[in-house]
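Asker: Just the structure for this:
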Amino acid sequence: MSRAALYRHLQADAGWTSGRKVRADKGTTAQGDDALAVIAAMQKSAVRQNGKITMNLPTAVSVAMQNGADVAVGSARIRTLLRQRGLDVRTQAREASHVEMRSLHPNHVHQVDASLCLVYYLNGEQHVIRDDQLYKNKLAGLAKAKFKVYRWVLVDHCSHVIVPWYTEAAGEDQFSLAEFLLFAWGRQEGRPFHGVPQLMIWDKGAANQSHAVKGLLRALEVQEIAHATGNSRAKGSVEVAQNIVETQFESRLRFEPVESVAELNAAATAWANAYNANQIPGQDTRLDRGPLHLSRYDLWLRIREEQLRLLPDAELCRALLAGREETRRVHDGLQIQFRHPAAVSSLRYDVRGCAGISVGDVVTVQPMLYGDCTVLVSIEDFRGNRREWKVEPIRDYDANGFRESAPVFGQGFKSNPQTINEAAGKALDRVAYGEKSIEEIEKAKRANATPFDGMMDAHSYLAKVVAPAYMPRKGTDITVPDRVSVTEAALLTKAAAAKALVAMLGRALTFAENQKLGTWYPEGVPEKDLPQVATALRTGTTPFRHLGDKEATG
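Answerer: Next comes the predicted model:
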């Protein structure tokens, strides 16, 4: 022990004092703060992520001096000054103090975490990973196991009820997580704890962020919060629970092995029920929180009816895992059609109450597990903001298949609520036709009134546009034959023409009209001239006809 350390111990433990007068400059130093900040920053920047300090103080002081820092005292004094100011590297390396969070009631907040288990099965035999395998990275036996055992743990933040569950898989996957949630939230024999939380906190693991799991949570109306990578303190309760399961349950498996994951889960459930109920012989597992000393189950049983949200049928929940959100187009009447997993056929949903949705819009639809085949309808606006509504299917049909809320002929009429698109259209009409009433604008449209009072120059300005000069392009002449044969129109005999005219006029031809027909067309009547001949006979005029290049007379 150094002399300085000895004197410190004498002062602290024995109350020794030197009897000297306290110096007037006590607490002051010749060392400037700027140099101290540079030295402390260098040491802090050289700390690895694993916490190892790679730059000692003398090295930092030497480098700082060579780079212009004004160092007026020795390294020992600098170490004291840094420690007094909380700038020394060990103080800075400590984790920041955490804020104690509060949940409102049991099943308000659940926390979930997965971890590779110390137990694995190879050729039907249980193996336990030893410490030397873990820390020397010699997991030879574990590498041979195609499927590893993962431990999933759920904690209710309010009561600290612990629910462990094991699965044998190649890694953390969404289906294992979903099955664990159904196990933890469902009713299990001998376990009072069950129910769906309002809030879920976990990390950003691939399984947690999968579409299937996130869709299940949305359907169950569970808000999920994924904390930042490396911030395990955000779900500290479940981290503590992982350690409890590993040290107080899995440690028993070395002395009493089990042969399968099914047996492992049965043993884990029995241990968890005893631990949560404070029924483990010789061990006090009550929750010690301030003045509260209760078993975890006793605290959880304080939950009220409105706080206990029961898990729907497990098969229905699994059906939701198979699909993602679907899109539907809004039809006339502001309705969409969707088949809910709990329904036997497609149902119609009325979205008239969803402000911002118009006919023709494409909306996103996801089935919900609570309510009468309720769906979550959502749409994004042009800013990317997502709006959501819970919509129940249309059920008010009469015996004839009409909606009972629909207006009846002769008894009244009501229009659908004005959509945003319709309101925007009316605003545009006022821009084009001025600040008039809807009736006045519609009247102006029917009268074909010119929008903008005819002040809009829509095309006349194009006459003033100076077109660029284009280089003419050479072309290829088309060779036309000297003689072209033209098929003449078919000529009708006088008798055939007279028969056709009788049908067109609706009466027989007179003797004089027969004479005129022969005079007008001595060589036969062209079929295409029949309409003008019929007109001439009705009006007593002479038809204009072509015989060669001569004009008919008569």
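Asker: What helices and strands are in contact with the helix with the most length in the chain?
Answerer: If you go by DSSP state H, the chain has its longest helix at helix 261-276. Here helix 261-276 touches strand 162-169, helix 236-248, helix 296-300, going by 3 or more CB pairs under 8 Å, 6 or more residues apart in numbering; DSSP states H and E. (Each C-beta comes from the backbone N, C-alpha and C, glycine too.)
Asker: can you pull the buried residues of stretch 161-180?
Answerer: 161-169, 172-174, 176-180 (16 or more other CB atoms under 10 Å).
Asker: circling back: so which residues make contact with the following helix or strand past the longest helix of the chain?
Answerer: For helix 261-276, the following helix or strand on the C-terminal side (DSSP states H and E) is strand 287-289. Residues outside strand 287-289 that contact it (CB atoms under 8 Å, 6 or more residues apart in numbering): S159, H160, H293, L294, S295, R296, L299.
Asker: out of the residues you listed, who's nearest Q337?
Answerer: S159 (43.6 Å; CB to CB).
Asker: check contacts around that closest one.
Answerer: Per CB under 8 Å, 6+ apart, neighbours of S159: P106, F193, L287, R296, Y297, L299, W300.
Asker: Could you look up the SS state of the nearest residue to P451 once chain neighbours are set aside?
Answerer: Of all residues not flanking P451 in the chain, A432 sits nearest, at 4.0 Å (CB to CB, 6 or more residues apart in numbering). Classification of A432 by DSSP: H, G, I helix; E, B strand; the rest coil places it in helix.
Asker: please begin residue numbering at 20 from this point
Answerer: Yes, from this point I'll number from 20; that puts the last item at A451.
Asker: I'd assumed T469 was in contact with A451.
Answerer: No: counting by CB atoms under 8 Å, A451 stays clear of T469, with 9.6 Å between them.
Asker: Show me the domain layout of the protein.
Answerer: 45-112, 128-326, 439-470, 510-570 (automatic domain parsing).
Asker: Out of the ones you listed, which is closest to P386?
Answerer: Of all these, domain 128-326 comes closest under CB to CB, at 6.0 Å.
Asker: Please, where are all the strands along the stretch 420-569 of the chain?
Answerer: Secondary structure of the stretch 420-569 of the chain (DSSP state E, counting those that start in this stretch): strands at 510-511, 544-545, 565-566, 569-570.
Asker: that older thread, make a markdown table from the contacts of strand 306-308 and add distance to L218 to it.
Answerer: Below are the contacts of strand 306-308 laid out as a markdown table (distance: CB to CB, whole Å):
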| residue | distance to L218 |
| --- | --- |
| S178 | 15 |
| H179 | 16 |
| H312 | 26 |
| L313 | 22 |
| S314 | 24 |
| R315 | 19 |
| L318 | 18 |
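Asker: And these, which is closest to T73?
Answerer: H179 (39.2 Å).
Asker: and that closest one, that's in a helix?
Answerer: No: applying three-state DSSP, one finds H179 to be coil, outside a helix.
Asker: Tell me the confidence at it?
Answerer: Looking at H179, its pLDDT is 95.
Asker: and it, what is it in contact with?
Answerer: Contacts of H179 (CB under 8 Å, 6+ apart): S256, A260, L306, R315, L318.
Asker: Export these as TSV, with columns for pLDDT.
Answerer: Formatted as TSV, these follow (pLDDT from 0 to 100):
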residue	pLDDT
S256	84
A260	92
L306	90
R315	94
L318	96
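Asker: Quick check on those: which are buried?
Answerer: Buried, going by 16+ other CB under 10 Å: S256, A260, L306, R315, L318, out of these.
Asker: Greatest separation within these: which pair is it?
Answerer: A260 and L318 (14.9 Å).
Asker: count of neighbours near A287?
Answerer: A287 has 23 neighbours, counted by other CB atoms under 10 Å.
Asker: To clarify, my last question referred to Q356.
Answerer: So Q356, with other CB under 10 Å, has 13 neighbours.
Asker: SS state for it?
Answerer: strand.
Asker: show me the contacts for the nearest residue to it once chain neighbours are set aside.
Answerer: Leaving aside its sequence neighbours, Q356 sits nearest to S365 (CB to CB, 6+ apart; 5.1 Å). For S365, the contact set (CB under 8 Å, 6+ apart) comprises Q356, F357, R358.
Asker: No further questions, thank you.
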